[in-house]
Every structure is written in structure tokens, then in C-alpha cells.
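[1] Predicted structure and sequence below. I'll ask about it afterward.
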Amino acid sequence: MVRIISLFACLAWTFFLDAQSRPELPFITGDAPEWMRMLAEKDPNVHEVQQLYDQYYRENTFEKNTYTQYYKRFMRWARPYTGGDGKIRMPSPAEEAVRERASRQARSSAGRTANWSYAGPTETWHTDGATKVTWQTNIYSLDVAPSNPDILYAGGESGGLWKTTDKGLNWELKTSSILHSAFGAVKIHPTNPEIVFACTGGKILRSVNGGQTWTAVYTESNLWVNEMAFSHTNTNIVLAASETGLLRSIDGGTSWTKLFTSFTWTVKRKENSGTVFYAVRDAGTSSEFIRSDDQGLSWTVYSAGWWAPGSGESMTGAIIATCPSQTEKLYAYLIGSGGTLNGYAGVFVSNDNGASWANTNPSNVIGGTYTIPTHTNLMAHNGTDGFNQGFYDMAIVVHPADANQLIAGGTSWFKSTDGGATW
């Protein structure tokens, strides 16, 4: 999932390792091109996929769509692991550690003498030459220190992990000495801003000195963490929602236990609670909202009013947003593919800690013909029938003092002032 903000970032060095798990497939229709159908196979041959893709667009006009965006993400993920025969071979955590040590040694003995300084640009413009845009880098993760709002961390798609101590006026790269891919999640300790977790492909990193040095506290092949959460009252309790399951630590991140292996999109702590957590996990073509009342140790499914995909539809992502001004209330931003969804299912609301749910759309409309503002497609770039990038590109936030004010979207942002009834 991407949070795109205006952050000037440069590539510190070309990444040696990208252990992010294989990108999640979009919904594939019966008329999908052959190269897309091959990508859906368990072990696609990268060279054959690329040949079919190139051939297809020699014969057809290129049009940016969900399939082409998936192809781009897949190829970016697959290339570091592709052999001369086109087959993908994933390294084990032990092999990754060996490669990391070798790369560090090579870099330290390289004897660099070049002295580089930044020359620009400091502003980016659209191809029309008139519209200013924020396209310097894609930011996958962002967190503000609860105990010191001057401190923020931002994890990039390709630019490393950056830190600011002046609310974003100036940024410092904090990961130039470690090997990493994109940073899918970053979380700062609730009371000690020196402690921070940063999740990159294949590992969870922890710093106890404000990002000066990092230690890998958990490694796993294909690990990709989407979100992390701390207990409000016992900061030794840490949860991590990942594509390979939900992880829990009871010792501040030193050791971890996997609670289940289902793809978990999101995990949130109830506002001002040390014991209640919420999460959404994959369940085939559908999903399950789950709640824990014992600091993440055990979980219960709550399905009353929760969206169930219809025939030919599939759940493809979810994000939970809690409400600081109404602690019993929370929203779930759900997306899907197939049928007439065009990437979007809806924003659902619960007023009882997730025990029951209702569509914020007053008519309970899902899919069909979208119209702004009464039935807005938050995932489409134009709010109706436009392009979307699925879970890769979605977010939702609630106003801290008004639980009816929300901002949500994917490739474009939309605002609601009536609890999601209109956007």
C-alpha cells in the first residue's frame, strides 16, 4: 500500500536485495491478455511473460490499467531473483544474511573518493509545465512520534527510511548503512521516540537510538509488513500485520510469535486502550474482521453487517481507521475486484468496537454506476469509472476531533464531512 507525500528523496545507493513478497494479484477477467493469465500461475517464467507482454503491446495500443500496473510491480519484485532460464528462485533468510554481509564488506572496502552534493531539482512539474506535482518519490509508510510530534519517519519505495526532527522541514536518511527494499511499515514507540521499528522486505528492523543503528529482530522469506501497532498501556506488546500472517511480540520486539498465517491487511489499536486491537485478514475471496480483547493473544471474528463479496467478486484490501474523539467508533475502508466494483467496495462503520457494521452509503449501494458525491468510487482516480491501483495505493484517516470528517482514496483523495454518506 502507497502513501504519496511531497518528500524530497534521492537514491542513496542501488538496492542489492528486495525480499518483498510477491505482489497480490488483481481480479482477472476472462478476457485478460495471455501475459496476465500467465502472471496468475504459481511459477510464471519471467522471460516468457515479458515476451508475451512486449508482443501484446506491439499489436495493441498501450493503455495504463490494473493489469499493466500489476505487471510493473511484479517485474520489479521478480527481477532480483530471476535466473538465466527465467525461473524465480527465492533466497532463504540465511542466504539473504550472507548476501547482506558480503555487500556491506564490498561497500566498506570500495575506497570511494567522490564527493557528491545535491544539485536539484527542488520542485517537480507535470508534463504540461504548469502544474506542480509531488512526484519525487513514493512514500509507503509514515509515522509521527506520539510523545514528540516534531519527529516523523517516512519509508520510501526506493529511497530508504528518512527522519525529520522539525515537523518535515528537513530530512535525514537513516538507512544508508543497511540493505533494504521498500519500507512497508514504520512505527515509533508511544513514549520513547528513540525506539522505532521499520519493516522492509524479509525483515523487521529495530532501532533504539533514533535510527542511528538498526538490528534485524525478525526475518522471514517473503515477509512484507503492512502495518504495526503498540499497546497503549504495555509497550512491550507489539503487533505486525503482514502478508504471511499476524505477528506478536511481548518483549518489545526482541522475539516474535506468529498467531496465524492468513494475509493480514491492517491492524489497529483501539484509541486509548491497552488491550483491544482490530485487524482484517484474508478469507479466500472474502475477508474477516477480527478483534482481540486481551492484547492480541486471542482473536474473535465479528461478521454482523460485514461485506461479503458476491458471485464473481473478490476482496482485495482493507484498512481500519479509528476515531480519537469517539473511541467505540471505527471505519473500515474495503476494496474489491470483479463484477461492477471497479476496485471499490465501500467504507463501513461500527459504533460498538467492531461487533456490528453498516455501509456508510445511506442506500447500502455497492458497485454499479458511481456518481459523485452520493456514490463515489474512492479508488478511481476520477471518483467514478477511472483507473485504480488497488491495495497498493489506498489510505483513510479520521479527523482527531470530529468522527464524521474523513479523508480517503487511492490515486486521488476525497473528503467526507457526514461520516461517509457523501464524498
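    Ah, there it is.
[2] Every contact and neighbour count from this point should use C-alpha atoms.
    Noted.
[3] shaky segments in the chain?
    Applying pLDDT under 70 to the chain flags residues 1-21, 100, 103-114, 118, 120-121, 134-137.
[4] one more time with 50, if that's ok
    Low-confidence segments of the chain, defined by pLDDT under 50: 1-19.
[5] Spatially nearest residue to residue 309, not counting backbone neighbours?
    Distances taken as CA to CA, 6 or more residues apart in numbering put residue 286 closest to residue 309, at 6.1 Å, once the chain neighbours are dropped.
[6] wait, doesn't that neighbour sit right on residue 311?
    No: checked against CA atoms under 8 Å, the pair residue 286 and residue 311 is beyond contact range at 10.9 Å.
[7] Which one's more surrounded, these two?
    Ranked by neighbour count (other CA atoms under 10 Å), residue 286 and residue 311 place residue 286 first, with 17 against 9.
[8] Enumerate every residue touching that one.
    Neighbour list for residue 286: 308, 309, 314, 315 [criterion: CA atoms under 8 Å, 6 or more residues apart in numbering].
[9] ok, the third one - how many residues close by?
    So that's residue 314. 23.
[10] same thing with the last one?
    Here the neighbour count serves as a burial measure; for residue 315 (other CA under 10 Å) it reads 25.
[11] and it, that's in a helix?
    No: counting by DSSP: H, G, I helix; E, B strand; the rest coil, residue 315 is not found in a helix; it is strand.
[12] how near is it to residue 343?
    9 Å (CA to CA, to the nearest Å).
[13] So for the two, which residues contact both of them?
    Common neighbours of residue 315 and residue 343 (CA under 8 Å, 6+ apart) are 335, 336, 337.
[14] Tabulate those residues (a markdown table), appending distance to residue 161.
    Listed next are those as a markdown table, based on distance: CA to CA, whole Å:
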| residue | distance to residue 161 |
| --- | --- |
| 335 | 28 |
| 336 | 30 |
| 337 | 32 |
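[15] Which of the three states applies to residue 222?
    coil.
[16] I'd say it and residue 23 touch.
    No: Residue 222 is beyond contact range of residue 23, at 10.2 Å (criterion: CA under 8 Å).
[17] The two - which one has more neighbours?
    residue 222 (21 against 17).
[18] ok, that one to residue 180 distance?
    Taken as CA to CA, the span from residue 222 to residue 180 is 13 Å.
[19] okay, and the common contacts of these two?
    Common neighbours of residue 222 and residue 180 (CA under 8 Å, 6+ apart) are residue 201.
[20] what about the nearest residue to residue 421 once chain neighbours are set aside, neighbour count?
    Nearest residue to residue 421, sequence neighbours excluded (CA to CA, 6+ apart): residue 361, at 4.9 Å. By other CA under 10 Å, 20 other residues sit near residue 361.
[21] Would you confirm that residue 361 contacts residue 422?
    Yes: counting by CA under 8 Å, residue 422 is a contact partner of residue 361 at 7.4 Å.
[22] can you list residues touching both of those two?
    What both residue 361 and residue 422 touch, as defined by CA under 8 Å, 6+ apart, is the set 374, 375.
[23] Could you pull up the residues touching residue 236?
    By CA under 8 Å, 6+ apart, the neighbours of residue 236 are 230, 249, 250, 251, 252, 253.
[24] how much space between it and residue 143?
    18 Å.
[25] cool, and residue 31?
    41 Å.
[26] more crowded one of those two?
    Counted by other CA under 10 Å, residue 31 and residue 143 do not tie: residue 143 has more neighbours, with 17 against 8.
[27] in a strand, that's where that one is, yeah?
    Yes: counting by three-state DSSP, residue 143 is part of a strand.
[28] Quick check: it vs residue 229, distance?
    Taken as CA to CA, the span from residue 143 to residue 229 is 11 Å.
[29] Give the residues shared as contacts by the two.
    Common neighbours of residue 143 and residue 229 (CA under 8 Å, 6+ apart) are residue 187.
[30] now the strands for the stretch 251-400 of the chain?
    Taking DSSP state E, counting those that start in this stretch as the criterion, the stretch 251-400 of the chain carries its strands at 257-260, 264-269, 277-283, 286-292, 300-301, 314-322, 330-337, 346-350, 358-359, 395-398.
[31] coming back round to it: dump the contacts of residue 236 to CSV, plus neighbour count.
    Below are the contacts of residue 236 laid out as CSV (neighbours: other CA atoms under 10 Å):
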residue, neighbour count
230, 26
249, 20
250, 19
251, 13
252, 18
253, 20
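[32] got those as TSV, with distance to residue 176 columns?
    Listed next are these as TSV, based on distance: CA to CA, whole Å:
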residue	distance to residue 176
230	27
249	27
250	30
251	28
252	25
253	23
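[33] Give me the three-state assignment for residue 36.
    Taking three-state DSSP, the label given to residue 36 is helix.
[34] Relative to residue 58, how far out is it?
    Residue 36 is 16 Å from residue 58, by CA to CA.
[35] could you point out which element follows the one helix or strand residue 163 maps to?
    Using DSSP states H and E, the element containing residue 163 is strand 161-164. Once the chain leaves strand 161-164, the next helix or strand it forms, by DSSP H and E, is strand 172-173.
[36] Show me what that following strand is packed against.
    Judged by 3 or more CA pairs under 8 Å, 6 or more residues apart in numbering; DSSP states H and E, the packing partners of strand 172-173 are strand 161-164.
[37] redo that, cut-off 10 Å
    Judged by 3 or more CA pairs under 10 Å, 6 or more residues apart in numbering; DSSP states H and E, strand 172-173 is in contact with strand 152-156, strand 161-164.
[38] how about the shortest one: buried residues?
    Neighbour-count burial for strand 161-164, counted by 16 or more other CA atoms under 10 Å, picks out 161, 162, 163, 164.
[39] so which of those residues would you say is closest to residue 206?
    residue 161 (12.3 Å; CA to CA).
[40] Distance of residue 33 relative to residue 65?
    Residue 33 is 12 Å from residue 65, by CA to CA.
[41] ok so residue 228 is a helix residue?
    No: counting by three-state DSSP, residue 228 falls outside a helix, being strand.
[42] give me the number of residues near residue 122?
    Neighbours of residue 122 (other CA under 10 Å): 10.
[43] do residue 117 as well
    Counted with other CA under 10 Å, residue 117 comes out at 6.
[44] So what sits opposite the residue nearest to residue 396 when sequence neighbours are not counted in the bridge?
    Leaving aside its sequence neighbours, residue 396 sits nearest to residue 408 (CA to CA, 6+ apart; 4.2 Å). Residues in a beta bridge with residue 408, per DSSP bridges, are residue 396, residue 414.
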